[in-house]
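> missing the sequence, but the structure's below:
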């Protein structure tokens, strides 16, 4: 009976314990969820007014514009706030029917895209009743209006509505996201528009520098409320996602620069074009050239206009984004390993996230992994029975971004970039021995030709390896329950160089470790036989930070309570530089090198070679 009790306890801690614990620590609450929008009532009055200008945005093709909102209120209060709504009409006529008799049909059934308090721009607002707020808007396929609310966030009363404003072409193709295809010489381009296939034909026009222009067709996807799993994604967080298009650019020459633009052929024969972009194609697998990889997780999105941030995303998320933009000429591929937008069921936030990363994702492959805030929802098949996705249950991430998975609902895949072989796991689905994913992981690791691709990288969102974060320490395991127990033999057998994780919002690097013991005493220069895997937590992309335990385990070499990201530079087949950089200044705060020959990968280590006998 004791053994049965222990097993049930461990299983329950996997299903419920570690996630709910970290959620309390992080407070991963979407700022929009603080608004009790279902309680909002109309209390329009002539004593309050809003005026927004300019009324027409994007007249020169811009997809981002600044808008000024002047407001006056005869009865001002410190908790008055202004919300940005899109579509511009937000009232009871747009509310879907509610079947729950306990719920009164809301007067306002859609949350704003973002909001600011009136006092943000004028500390004397309560005395003067006047303020002027500036908002940065992006093209999101619909018009906009602004609402002035009294009563704070918990008892909002709508007292004034502004004039409507819009972009000159709300349906324009925007925010391209590159990703590696299923073959080394293929790049996919995904973007968002307001055009369904019965209105326009989507495609990408592209060409090699100096070459002829080619047009590649695109597929089109979207989803409805019924595709989602719960609230707020199906209720106040719902917003029409538009149409998501993906095109595959094939037969690319290795390491070559290509220019491209997004196009839609309208029924009248005219064209709608995006801005022009460019990218460098992938090197041939195993090609010996300079190759630079960025890795981070848990970035989130933040508003450059200072809107609605309780969770401190702006210094972290925007600094990480800006450091990558500033160094883009020295980056070849980005791996964002889960917890991307933290939309948590407020669908408009995905547009804002793709707009934020557009300068990066439009220029280099932006590869993603599935995190709890993308996938988890009770009774939806996720391994963790928590509501962290806000009802999205993976639909948004799987649709908005492309990955070369056989089935994007099972978000695990392998991909190659030159001398790197990546095995990307989905920690929100079962990875334990005997499962479909465990078989994939072993197949992916085994498929690496280490003579051509010496750098073997394992990636998962949750910490399936090692972390001395305080809630893991309280659980006594320094990992997700049943994490490394299920996978460490595979890491050792196939000699994984580095395993990366997010989920914990800080930075930590281990020694080369196997079975919780350092197998190498070196700290910064590794050479010779691959006798253990270095585990790295790099979840400080932008979300509010996680505390470390007071005890420092023997395998933990470097810990940093700050926002940051990792850059790996492969100079050739035998030399790799690893750097951890802070987002605040882009400087290197931790680094190590790996130097070795192919024979060092072939050498046998403990549990790293097939069992054999003298006869064999």
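Okay, I see it. Worth saying up front: this structure is predicted, and the values here are computed from it rather than measured.
> Partner strands of the helix or strand where residue 421 lies and their direction?
If you go by DSSP states H and E, residue 421 is part of strand 420-424. Sheet pairing here is set by DSSP bridges, and for strand 420-424 it gives strand 413-417 (antiparallel), strand 455-460 (parallel).
> show me where pLDDT drops low in the protein?
The model of the chain has pLDDT under 70 over residues 1-28, 92-107, 309-312, 611-616.
> Which helix runs longest in it?
helix 348-361 (DSSP state H).
> From the chain's centroid, how far away is the strand holding residue 421?
18 Å (Cα atoms, centre = their mean, to the nearest Å).
> Can you tell me what sits against it?
291, 293, 335, 337, 367, 369, 403, 411-416, 441, 444-445, 447-449, 453, 455-460, 568, 570 (Cβ atoms under 8 Å, 6 or more residues apart in numbering). To be clear about C-beta, it is placed using only N, CA and C from the backbone, and glycine gets the same treatment.
> Helices of the protein, start to end?
Under DSSP H, the chain gives helices at 2-12, 18-26, 125-128, 313, 319-326, 348-361, 372-375, 395-400, 436-446, 470-475, 484-493, 598-602.
> Now distance to residue 428 too, for these, in a markdown table please.
Listed next are the helices of the chain as a markdown table, based on distance: least, Cβ to Cβ, whole Å:
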| stretch | distance to residue 428 |
| --- | --- |
| helix 2-12 | 16 |
| helix 18-26 | 10 |
| helix 125-128 | 44 |
| helix 313 | 22 |
| helix 319-326 | 23 |
| helix 348-361 | 18 |
| helix 372-375 | 4 |
| helix 395-400 | 10 |
| helix 436-446 | 10 |
| helix 470-475 | 18 |
| helix 484-493 | 15 |
| helix 598-602 | 31 |
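> In this structure residue 276 contacts residue 263, no?
No. Look at residue 276 against residue 263 with Cβ atoms under 8 Å: they stay out of range, at 11.1 Å.
> between the two, which one's more packed in?
Taking other Cβ atoms under 10 Å, residue 276 and residue 263 do not tie; residue 263 has more neighbours (19 against 10).
> quick one on the thing from earlier: which one of the helices of the chain lies closest to residue 608?
helix 484-493 (5.3 Å; Cβ to Cβ).
> got the contact list for the closest one?
431-433, 438, 441-442, 445, 458, 464-466, 496, 499, 514-515, 532-533, 605-608.
> buried stuff in that helix?
484, 486-493 (16 or more other Cβ atoms under 10 Å).
> same deal with stretch 178-185?
178-181, 184.
> And the residues you listed, which is closest to residue 82?
residue 178 (35.8 Å).
> and the residue nearest to that closest one when sequence neighbours are not counted, what does it touch?
Of all residues not flanking residue 178 in the chain, residue 365 sits nearest, at 5.0 Å (Cβ to Cβ, 6 or more residues apart in numbering). By Cβ under 8 Å, 6+ apart, the residues touching residue 365 are 178-180, 187, 279, 282, 333-334, 417.
> Of those, just say which sits nearest to residue 34.
residue 334 (30.8 Å).
> roughly how far apart are the closest one and residue 402?
Distance from residue 334 to residue 402, counting by Cβ to Cβ, to the nearest Å: 14 Å.
> and what of residue 445?
23 Å.
> out of the two, which sits in the busier spot?
Between residue 445 and residue 402, residue 402 has the larger neighbour count (other Cβ under 10 Å), namely 24 against 20.
> The more buried one: what's it in contact with?
Residue 402 touches 177, 179, 188, 190, 246, counting by Cβ under 8 Å, 6+ apart.
> Then residue 318?
Contacts of residue 318 (Cβ under 8 Å, 6+ apart): 302, 304, 356, 542.
> Also residue 147?
50, 82-83, 85, 90, 112, 158, 160-162.
> Produce a ChimeraX select command limited to the buried residues of those.
Command for ChimeraX that selects the buried part of the contacts of residue 147, burial taken from 16+ other Cβ under 10 Å:
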select :50,82,83,85,90,112,158,160,161,162
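> between the contacts of residue 147, which is closest to residue 394?
Looking across the contacts of residue 147 and measuring by Cβ to Cβ, the closest to residue 394 is residue 112, at 25.1 Å.
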